Every structure is written in C-alpha cells, then in structure tokens.
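1. sequence unknown, structure follows:
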C-alpha cells in the first residue's frame with residue numbers, strides 16, 4: 001500500500017505564535033447544528049486536524065460537542081487539533097474582547113484556543129445584535145474604536161496565555177500593514193478569500209516577508225458563479241492527473257505556501273477534499289498563467305457584512 005501523500009499532512013509553523021497550523025483546514029460555516037456536528041466528526045475521522053470557527057456562525061456549541069465526542073473515544077487528542085475562532089464585529093470595543101473570547105471558548109468546550117482572529121476590520125455598534133441596523137435597515141458602525149484598539153485587547157489574551165496566536169481576517173494589504181506596523185505581537189495568521197480566481201499574490205508576498213500564514217477561505221470558490229471547478233485549465237489538469245478539480249485547486253493552494261479551508265457536509269466530499277496530493281510543477285505554472293480571472297465572491301472585505309452566511313439567520 002502506497003504511503004499517503006505528505007501534502008495532506010503539511011503544517012506551517014507560526015512565526016508569531018505557538019505551534020503550527022495544518023495546511024488543510026475544515027471550515028465550520030454550516031447553518032444547521034445537527035449537520036455541523038456530523039460534518040465536524042466526519043472531518044476529524046478522515047484526517048482533518050485544523051478547524052476554523054467563529055462566534056458569528058452561531059454553531060460553536062455544535063462544533064465543540066462533536067470534538068468532545070471524538071476526543072472521548074481516545075484516538076484523537078485535543079493537542080492533535082488546531083482550532084481557530086473569531087471575534088465578531090459587535091465586540092470590537094476592548095472591554096468586550098475578553099468576554100467574547102471566553103464565551104467562544106466555553107461553547108467550544110476547550111481549555112485554550114490555538115488562534116483567535118478579528119473576523120473583519122469593521123466595528124459594529126456594541127451590543128447583543130450581531131448586525132445592528134438603523135431605521136433604514138443600514139448597518140450601524142462604531143466610530144468609537146479603532147482596529148488597533150481591538151488588536152491591543154487581543155495581544156492581552158496572548159499575554160495571559162489564553163490563546164497561542166492572534167490574527168486578522170477579511171483585511172486588505174493596507175489594513176494588514178497598519179496592524180503590523182503598530183503591533184507589539186504581530187499577526188500570526190491572515191484569513192482571506194483566496195483561490196485561483198483571486199490568488200492575492202501581493203498579499204501573499206507581504207505575508208511571506210512578515211512571517212505571516214495566509215489562510216485561504218473559499219478555496220474552491222464556494223460553488224458560486226463562475227464556477228472555479230469548471231474552469232477549463234483546472235478540469236484539464238484534473239483529467240491529466242486523474243484527480244478531481246477540487247483536489248487540483250486544493251493542492252495548488254498548499255504548494256504555493258498557504259493554508260486553506262474547505263467545507264462540506266457530505267462525507268464522501270469531505271474525504272475527497274482531504275485526500276490531496278502534490279501537483280507537478282508544470283501544472284502549478286499552468287494554473288498561474290492560464291487563469292486570468294480576478295473574481296471576489298464574498299463582499300465582506302468591503303463592508304464587514306457577511307457574504308456567505310444565510311441572511312435569515
């Protein structure tokens with residue numbers, strides 16, 4: 001029996017935090033709690049050891065339940081799994097950061113969090129509403145706090161030993177530079193939409209120079225139009241190498257030096273997305289040169305309003 005391809009077990013050391021992030025990650029943006037629990041357990045069982053959560057997803061309890069179920073079986077230990085969660089926009093005020101972090105930790109039923117991210121650089125009006133709106137239905141932003149203020153509160157979480165690393169999500173290069181320049185503890189991770197239709201080469205180059213891990217969400221295009229997995233270049237490479245288009249796109253992401261997130265509720269698809277193997281160099285170059293599209297599927301980076309979360313939740 002051939003040994004598993006080492007690509008699927010690749011880890012990226014955190015230059016500005018403790019531990020190493022498994023390159024293949026499982027995203028937990030799943031609407032139904034029961035399905036969340038089932039998918040999380042399936043992902044653990046096929047080999048995923050990196051899970052991306054968020055208070056905004058409203059399912060941290062279900063993720064935690066699934067993990068505790070698996071940990072109690074004994075084959076997988078807590079220390080084998082890298083878990084990220086995120087601070088939502090209505091909790092950017094410094095005095096709200098630690099309580100929000102502790103609430104996420106309790107829901108996830110964990111003693112510690114490996115990585116804690118600011119979900120977006122946009123502060124919403126503080127309070128219990130995750131998307132506070134005015135009488136016209138417009139989001140109410142909070143001008144009384146800066147991103148640097150929020151970052152300082154995350155640094156204190158690291159100082160207190162509550163999380164191993166901190167980072168940012170849904171930021172552009174300008175915002176990232178602002179935090180890197182001001183930070184006492186630099187971001188370990190930056191999570192952004194990235195895939196062959198939005199490769200973010202400039203951001204990736206900056207992250208490499210700063211020792212920051214770029215974590216790509218929507219690595220398969222989130223099944224949105226135009227469909228990344230139907231791209232002629234991706235399909236041709238998949239046929240030539242006898243792989244699925246998804247496996248080609250995911251291998252490309254790992255081999256160019258990023259971590260990634262992929263989500264599915266189907267056990268067969270979850271397994272397929274874990275069973276990636278290295279692409280030859282000509283395939284890597286073909287993806288870079290043959291795909292000229294520049295398409296962003298999630299508008300959250302411009303507004304702070306989530307683009308993939310169902311609007312009725």
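-> That came through, no problem. These numbers were taken from a predicted model, which means no experiment stands behind them.
2. Could you check how far residue 290 is from residue 72?
-> Between residue 290 and residue 72 the distance, using CB to CB, to the nearest Å, works out to 48 Å. In short, each C-beta sits where N, CA and C put it, glycine included.
3. between those two, who's got more neighbours?
-> For residue 290 versus residue 72, the count of surrounding residues by other CB atoms under 10 Å is larger for residue 290: 14 against 8.
4. residue contacts, the more buried one?
-> In this structure, residue 290 makes contact with 232-233, judged by CB atoms under 8 Å, 6 or more residues apart in numbering.
5. I'd like to know the phi and psi angles of residue 11, please.
-> Backbone torsions for residue 11, taken as degrees, to the nearest 10, come to phi -130, psi 150.
6. Assign residue 309 to helix, strand or coil.
-> Secondary structure for residue 309, judged by DSSP: H, G, I helix; E, B strand; the rest coil, is coil.
7. quick one: it and residue 58, what's the gap?
-> With the distance defined as CB to CB, residue 309 ends up 9 Å from residue 58.
8. What of residue 134?
-> Applying CB to CB to residue 134 and residue 58 gives a distance of 23 Å.
9. neighbour count winner among the two?
-> residue 58 (16 against 9).
10. just the helices in the stretch 201-313 of the chain please.
-> According to DSSP state H, counting those that start in this stretch, the stretch 201-313 of the chain carries its helices in the segments 201-210, 232-241, 245-255, 267-274, 281-290, 300-303.
11. buried set for the last one?
-> Applying a neighbour-count criterion of 16 or more other CB atoms under 10 Å, one finds 300-301 buried in helix 300-303.
12. ok, now which ones touch the residue nearest to residue 202 when sequence neighbours are not counted?
-> The shortest distance from residue 202 to any non-neighbouring residue, by CB to CB, 6 or more residues apart in numbering, is to residue 173 (6.1 Å). Contacts of residue 173 were listed using CB under 8 Å, 6+ apart, and they are 202-203, 206.
13. and of the residues you listed, the nearest to residue 91?
-> Comparing the contacts of residue 173 against residue 91 with CB to CB places residue 203 closest, at 25.3 Å.
14. Surely that closest one is in contact with residue 190?
-> Yes - taking contact to mean CB atoms under 8 Å, the distance of 7.4 Å between residue 203 and residue 190 places them in contact.
15. Show me which residues of stretch 152-163 are buried.
-> 152-154, 157-158, 162-163.
16. same question but for stretch 261-274, I mixed them up
-> 261-264, 269-274.
17. quick one: average confidence on the helix or strand hosting residue 85?
-> For residue 85, the host element (DSSP states H and E) is strand 82-87. Per-residue confidence for strand 82-87 averages out to 98 on the pLDDT scale.
18. any idea how far it is from the chain center?
-> Chain-centre distance of strand 82-87: 8 Å, with CA atoms, centre = their mean, to the nearest Å.
19. Adjacent strands (with direction) for that strand?
-> Neighbouring strands of strand 82-87 in its sheet, by DSSP bridges, are strand 50-52 (parallel), strand 113-118 (parallel).
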